[in-house]
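Novice: Sequence and predicted structure, then a few things I'm wondering about:
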Amino acid sequence: MLKDYRLFARLLRKRTLHPVSSHCTDQDCHLSIKRIGCTRLRDGQHWTQLNRSNLVFATDWLTEAALFALPTTNGIGIEGSPLQDIPGIWELGDIEVSALVRLLDGGRPSLGEPPPFLRYGLMGSVLVRLGTGKVDAHNIFLDLATGDGQTDIEAGISGFLGIGSRMGIRSSARYGLQMPTTLMRRVAPPEIVMPLAATLREVQWSPASYMRLEVEPSWNFSPQLYGFGTYHFYSKAMDSYELTGNQNQNIATQVASVFVEDLQDESSRTFHQLGVGLRYSTLNALGSASEQRPAELHGRVIYTLAGSGGHTPITTRVEFGIRLFQRFWGGVS
């Protein structure tokens, strides 16, 4: 029987189950028919036994109103805001400042001549994403963040190949570094939707770097209007977290032990997306324009085809966007 128990313990380790309080080790725990198995602590190989006679069962039905009010119910220890709809749809996100440099420009038609059969261009870019957005609040469960609250620096390269007067292919590759920031988090495994208030800690969050690849074949209906398809690949490594040890933050909650590694679990992301769309732009594919104030409007539908990572929803997204430009120097081309 003890041999079977140790096999069960090894299986639990492989599944990375998460902590509960413990008062026995795997050497002195004994498995019996009336007892339920043990759950692993993350770093110490300790186990707890749960006796069926100590299990507590609900006596009332869980209603919708009771579920929404669960975070505020006295005696549970969650101490959060009640579940509710998001009050508005407009929030300030992360402001982006970018610069684009034309590296190659081939196939530009001469004045009065038809465009050549092949056209190509290559551009480099640098983008700084400011942390002006709002992170998800630690006391509002299932909250939607409008930003990460920290600064990103992104470098990229993009290219265009035009074939004839109708066909074209755009592609880009971008790599981003994300700067660390300090924030309040409930330190608990990702599968716990509403962690207890005793898990609240100030942590230093260091988001991992990321990479984006995009390929966009297009078909021109006119010089300004074209339809396009999109393939988008995104990959981000695992984030890292550290406890700051700031005892001035929520000192009353610094009693329960937590494992900051729980925040790192499932923080990596990879996904593949396909989409179709329509774009109207007075900028040409090489970034030039004949107007002093060029503009771009687009709409597209994009579907997440495959992916991995705990924060990677399979979604269908509908996008509409507008971009306005202002020329600061240089002649109109």
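Specialist: Cool, got the structure.
Novice: pLDDT at residue 35, what is it?
Specialist: If you check residue 35, the pLDDT there is 34.
Novice: Ok, residue 258 next?
Specialist: At residue 258, pLDDT is 88.
Novice: which residues touch it?
Specialist: 187-188, 199, 201, 243 (Cβ atoms under 8 Å, 6 or more residues apart in numbering). Where C-beta positions appear, they are placed from N, C-alpha and C, glycine not excepted.
Novice: Please narrow those to those residing in strands.
Specialist: 201, 243 (DSSP state E).
Novice: Only the buried subset of the contacts of residue 258, as a ChimeraX command please.
Specialist: The ChimeraX selection below is limited to those of the contacts of residue 258 classed as buried (16 or more other Cβ atoms under 10 Å):
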select :187,188,199,201
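Novice: which two in the contacts of residue 258 are spaced the farthest apart?
Specialist: 188 and 243 (13.6 Å; Cβ to Cβ).
Novice: Which helix or strand in the protein has the lowest average pLDDT?
Specialist: Using mean pLDDT, DSSP states H and E, strand 35-36 stands out as the lowest-scoring helix or strand of the chain, at a mean of 35.
Novice: So, low pLDDT: which residues of the chain?
Specialist: Along the chain, segments meeting pLDDT under 70 span 1-56, 109-112, 247-255, 284-291, 311, 330-333.
Novice: ok, now with 50
Specialist: Along the chain, the parts satisfying pLDDT under 50 run over 1-53.
Novice: Domain parsing of it, as residue ranges.
Specialist: 2-57, 96-324 (automatic domain parsing).
Novice: Residue 83 is nearest to which of those?
Specialist: Of all the domains of the chain, domain 96-324 comes closest under Cβ to Cβ, at 6.5 Å.
Novice: what about that closest one, start to end distance?
Specialist: Criterion Cα to Cα, to the nearest Å; first-to-last residue distance in domain 96-324 is 14 Å.
Novice: and of the domains of the chain, who's closest to residue 76?
Specialist: Nearest of the domains of the chain (Cβ to Cβ): domain 96-324, 8.0 Å.
Novice: before we move on, the earlier item: right, and out of the contacts of residue 258, which lies closest to residue 303?
Specialist: Nearest member of these to residue 303, counting by Cβ to Cβ, is residue 188, at 31.7 Å.
Novice: and the gap between that closest one and residue 182?
Specialist: 19 Å (Cβ to Cβ, to the nearest Å).
Novice: Which of the domains of the chain has the highest mean neighbour count?
Specialist: domain 96-324 (a mean of 15; mean count of other Cβ atoms under 10 Å).
Novice: Determine how far that one lies from the middle of the whole chain.
Specialist: Its chain's C-alpha centre lies 9 Å from the corresponding centre of domain 96-324 when counted by Cα atoms, centre = their mean, to the nearest Å.
Novice: The helix or strand where residue 177 lies pairs with which strands, and in what direction?
Specialist: Secondary structure from DSSP states H and E places residue 177 in strand 167-178. Using DSSP bridges, strand 167-178 pairs in its sheet with strand 152-163 (antiparallel), strand 210-220 (antiparallel).
Novice: That's all I had, so thanks and see you.
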